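*Asks:* Have a look at this fold, sequence not included:
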């Protein structure tokens, strides 16, 4: 489903002569193809599933955010702008992100479900969150909230 959406979006961007979208979608599809090839020996002849594609997209966004920081520190605003534009293209394929209130509610529920009592249990809580909210939650932002709630 997501794979088809990416291919359709590439065709639409090519017809619309949207250079940024075309280049970003080609990067996504190339990374997807690499993951598909890596998955073949594991018995996934059809390639990776939508959940893995969502993780791929999230990791691509994370890489671009890190690049933006580096470019801004290095005085290269034009490259930071390019990375920000790529993030916008990638985010079109992710489900709507959870609000801060929804994230906190989900974290409290995960803490209750895993019977977590201290920061030592953070790994179990994060695993539960990734299982239940992949693609909708920014886990880099959720980690400090989990740590704060478990440390309290």
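*Replies:* That came through, no problem. Because the structure is predicted, anything quoted here is derived from the model rather than measured. Residues are numbered from 1 along each chain as shown.

*Asks:* alpha carbons only for contacts and neighbour counts from here, please
*Replies:* Will do.

*Asks:* any idea of the pLDDT on residue 125?
*Replies:* With respect to pLDDT, residue 125 scores 91.

*Asks:* okay, now it: neighbour count?
*Replies:* Residues near residue 125, counting by other Cα atoms under 10 Å, number 26.

*Asks:* what about it, which SS state?
*Replies:* Assigned with DSSP: H, G, I helix; E, B strand; the rest coil, residue 125 falls in the helix class.

*Asks:* who touches it in this structure?
*Replies:* Residues counted as contacts of residue 125 (Cα atoms under 8 Å, 6 or more residues apart in numbering) are 107, 110-111, 114, 116, 146.

*Asks:* State the distance from residue 91 to residue 151.
*Replies:* With distances taken as Cα to Cα, to the nearest Å, residue 91 is found 32 Å from residue 151.

*Asks:* returning to what we had before: out of the contacts of residue 125, which end up buried?
*Replies:* Among those, the ones that count as buried by 16 or more other Cα atoms under 10 Å are 107, 110-111, 116, 146.

*Asks:* could you redo those residues as CSV and give each row pLDDT, secondary structure and distance to residue 43?
*Replies:* As requested, those are exported to CSV (pLDDT from 0 to 100; DSSP: H, G, I helix; E, B strand; the rest coil; distance: Cα to Cα, whole Å):
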residue, pLDDT, secondary structure, distance to residue 43
107, 92, helix, 34
110, 92, helix, 32
111, 91, helix, 34
116, 87, coil, 35
146, 91, helix, 35
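
*Asks:* which helix of the chain spans the most residues?
*Replies:* Secondary structure of the chain read by DSSP state H shows that its longest helix is helix 50-73.
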